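In: Here is the input, now give the coordinates:
(one chain, ligands or ions: 1)
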Amino acid sequence: MKDSQELKENINTDVCIIGTGIGGLTTAYLLTKSGKKVTLLEMDQVASGQSARTTAQISYEIDERYDYVSNRLGKEIAKLVADSQNAALNKIAEIVKTENISCSFEYVTAYLYCPPGEKDDLDSELKALHEVGLTETYISEESAVNCFRTGRNIVFPKQAQFHPLEYLKALREIIVNKGGQIFTSTKATNVESSGNQVIITTEKGNTITANHVVVATNSPMNDRLAIHTKQAPYRTYVIGAKIPKGSVNKGIFWDTLDPYHYIRLYEEKDHDVLIIGGEDHKTGQSDDETEPFVNLEAWSKVRFPMIEEVTYKWSGQVQEPADGLAFLGKNPGDDNVYIITGDSGTGMTNCTIGAMIISDLINGKANDWETAYSPSRLSVGGAETFIKENINVAAQFTDWVSPGDVKSENDLSNGQGAVIRDGLLKLAVYKDENGQVHKCSAVCPHLGCIVDWNNLEKSFDCPCHGSRFDAYGKVITAPTSKDLEKIS
Ligand SMILES: Cc1cc2nc3c(=O)[nH]c(=O)nc-3n(C[C@H](O)[C@H](O)[C@H](O)COP(=O)(O)OP(=O)(O)OC[C@H]3O[C@@H](n4cnc5c(N)ncnc54)[C@H](O)[C@@H]3O)c2cc1C
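Out: Residues are numbered from 1 along each chain as shown. So this is what the prediction gives:
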């Protein structure tokens with residue numbers, strides 16, 4: 001989405017929101033509707049982050065499951081989560097309706113199926129769903145999909161799907177029409193409290209002085225450590241395949257594998273597109289990022305023999321919180337800085353919940369869901385995951401002493417990158433299509449891990465906390481807002 005301007009002066013605002021994905025735009029929308037003056041900063045174009053890559057299934061089911069949350073975090077928290085997830089689904093539906101947004105929003109049934117031969121925990125999940133009040137869910141022994149035997153499944157009536165960019169485009173227009181300002185190509189590099197206010201500095205040196213700041217950069221750019229030890233970045237992959245119209249029954253489908261597959265349909269005029277995602281792995285920790293597409297395609301063709309052609313392929317990044325719940329609310333240690341992060345694969349609802357909690361807090365209203373999603377919580381319920389992910393991060397520091405991917409730049413073909421050892425240094429080296437070599441330090445400016453070449457996205461990805469840089473070292477994904485250091 002183009003046509004907003006870069007910030008070129010120092011300004012004051014009531015609320016400054018950094019990031020224009022579904023988290024930032026929904027927060028801005030709700031605050032604008034309540035009469036607040038909002039200013040959004042976006043380092044790229046509006047909605048150009050993960051919200052442009054989502055498959056936009058909208059559901060109150062959560063990736064970690066209610067059974068897990070009830071057992072680990074307690075029934076009260078699980079109930080708050082259920083209320084909020086359901087309310088977020090309804091909030092999106094309400095916004096679409098009241099603002100008359102044309103974004104292919106529709107209610108569909110969702111199915112969580114356990115493939116034959118896999119461990120079946122569906123009964124305990126159904127029990128947990130009913131305990132938290134989501135009683136319209138039930139178990140079906142019928143196959144969820146018409147063309148292969150899915151195995152028994154939990155049925156979730158009245159979930160939803162939409163076209164995310166059409167929805168976000170409409171939110172942007174409403175925000176701007178109501179006096180909100182959006183500055184694109186404007187990277188925030190620092191967020192600092194000053195008395196009762198917060199000063200945000202941009203890469204070009206301009207400042208925004210605000211009463212409240214919402215950091216909605218998917219992975220918080222204002223936080224060096226606290227939140228990043230409690231969540232982990234994963235790459236996820238999607239293919240879109242052309243199939244004859246009506247050949248697969250409409251619905252949202254997830255299997256119970258880990259990583260799981262997620263499936264939905266998108267209707268074109270004369271055919272349907274079957275959208276299938278999965279094959280997740282930790283960011284920066286794969287030897288070949290094209291392999292997930294091969295696996296996804298093979299998996300899909302066995303189950304959906306009507307696939308005519310794979311027409312789309314893309315990948316994106318999700319933040320997996322240690323205890324399964326997003327971090328939505330006040331940034332630890334701050335009074336008027338808020339964050340939206342840790343959305344897992346359910347960012348449509350989680351970001352909407354974040355927007356609802358934060359807009360209430362900024363408007364001085366209490367919000368019952370705040371405790372469940374508090375970014376300051378200790379995540380005790382997810383202790384094993386917390387420890388496992390942080391041991392994994394620590395292990396990445398051995399990359400400092402390991403050899404490079406290739407011996408020298410002469411081993412690179414055009415359009416290829418690699419991490420190369422140069423004495424004690426590690427360099428992120430890219431040979432462009434014309435054979436010109438570009439070198440940066442391979443040390444991630446966030447916390448000093450060594451980046452990894454992603455041959456699919458042509459990017460250097462940090463295996464520790466998910467910062468990503470283009471082939472020339474320019475940052476494209478938070479948490480860091482700094483580029484890789486150029487080496488001449
Ligand atoms: C392939 C894929 C499929 C998914 N499918 C689903 C699904 O079916 N259902 C579901 O609920 N969720 C799904 N998700 C998750 C969901 O898409 C995300 O959680 C959600 O879009 C995140 O929105 P966001 O606003 O937090 O972040 P983003 O959309 O990434 O927005 C953050 C913005 O901040 C900007 N930014 C970053 N740093 C700075 C800075 N320093 N200064 C200024 N701007 C900055 C970025 O450029 C970006 O535009 C999926 C995710 C992926 C990747």
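In: Can you give me every residue that contacts residue 30?
Out: Counting by CB atoms under 8 Å, 6 or more residues apart in numbering, residue 30 makes contact with 355-356, 359. Bear in mind the C-beta positions are built from the backbone N, C-alpha and C, glycine included.
In: Among the residues you listed, pick out the one closest to the ligand, please.
Out: Within the contacts of residue 30, distances to the ligand taken as CB to the nearest ligand atom reach their minimum at residue 355, with 9.3 Å.
In: pretty sure the closest one contacts residue 340?
Out: Yes: applying CB atoms under 8 Å, one finds residue 355 in contact with residue 340, separated by 7.3 Å.
In: Show the pLDDT at the residue nearest the centre of the chain.
Out: Geometric centre of the chain, nearest residue: residue 318, 3.9 Å, by CA atoms, centre = their mean. You'll see residue 318 listed with a pLDDT of 95.
In: before we move on, what about residue 385?
Out: As predicted, residue 385 sits at a pLDDT of 70.
In: residues in contact with it?
Out: With CB under 8 Å, 6+ apart, residue 385 has these contacts: 322-323.
In: Can you classify it by secondary structure?
Out: helix (DSSP: H, G, I helix; E, B strand; the rest coil).
In: gap between it and residue 135?
Out: 29 Å (CB to CB, to the nearest Å).
In: right, and the helix or strand after the lowest-mean-pLDDT helix or strand in the chain?
Out: Counting by mean pLDDT, DSSP states H and E, the chain has its least confident helix or strand at helix 383-396, which shows a mean of 67. Where DSSP states H and E defines the elements, the next helix or strand beyond helix 383-396 is strand 416-422.
In: mind listing what the closest residue to residue 428 other than its chain neighbours touches?
Out: Residue nearest to residue 428 in three dimensions, not counting chain neighbours: residue 442, with 4.2 Å by CB to CB, 6 or more residues apart in numbering. Residues near residue 442 by CB under 8 Å, 6+ apart: 419, 425-428, 450-451, 460, 484.
In: Filter the contacts of residue 30 down to the ones in helices?
Out: Counted as lying in helices by DSSP state H, out of the contacts of residue 30, are 355-356, 359.
In: Distance check, residue 385 against the ligand.
Out: Per CB to the nearest ligand atom, to the nearest Å, residue 385 is found 18 Å from the ligand.
In: Tell me the buried residues in the longest helix anywhere in the chain?
Out: Ranked by residue count, the top helix of the chain under DSSP H comes out as helix 75-98. By 16 or more other CB atoms under 10 Å, the buried positions in helix 75-98 come out as 77-89, 91-93, 95-96.
In: which is the next helix or strand following that helix?
Out: strand 106-113.
In: Which residues does that next one contact?
Out: Counting by CB under 8 Å, 6+ apart, 57, 59, 61, 93, 122, 125, 140, 144-145, 150-162, 250-256, 264 sit against strand 106-113.
In: Could you check the angle that strand makes with helix 75-98?
Out: Interaxial angle of strand 106-113 relative to helix 75-98 (axes from the mean of the first three to the mean of the last three CA atoms, to 10 degrees): 150 degrees.
In: Just checking: what are the partner strands of strand 106-113?
Out: strand 153-161 (antiparallel), strand 252-255 (parallel) (DSSP bridges).
In: Let me have the ones you listed in CSV, extended by mean pLDDT, mean neighbour count and distance to residue 405.
Out: Compiled in CSV, the strands paired with strand 106-113 are given as follows (pLDDT from 0 to 100; neighbours: other CB atoms under 10 Å; distance: least, CB to CB, whole Å):
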stretch, mean pLDDT, mean neighbour count, distance to residue 405
strand 153-161, 98, 20, 40
strand 252-255, 98, 24, 34
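In: I'd like the ones you listed written out as TSV, with distance to the ligand added.
Out: Formatted as TSV, the strands paired with strand 106-113 follow (distance: least, CB to the nearest ligand atom, whole Å):
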stretch	distance to the ligand
strand 153-161	8
strand 252-255	8
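In: Just put those in CSV and tack on distance to residue 368.
Out: Formatted as CSV, the strands paired with strand 106-113 follow (distance: least, CB to CB, whole Å):
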stretch, distance to residue 368
strand 153-161, 23
strand 252-255, 27
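In: coming back round to it: reformat the ones in helices among the contacts of residue 30 as JSON lines; add distance to residue 103, pLDDT and neighbour count.
Out: Output for those, formatted as JSON lines (distance: CB to CB, whole Å; pLDDT from 0 to 100; neighbours: other CB atoms under 10 Å):
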{"residue": "355", "distance to residue 103": "17", "pLDDT": "98", "neighbour count": "27"}
{"residue": "356", "distance to residue 103": "19", "pLDDT": "98", "neighbour count": "20"}
{"residue": "359", "distance to residue 103": "21", "pLDDT": "98", "neighbour count": "25"}
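In: Many thanks, have a good one.
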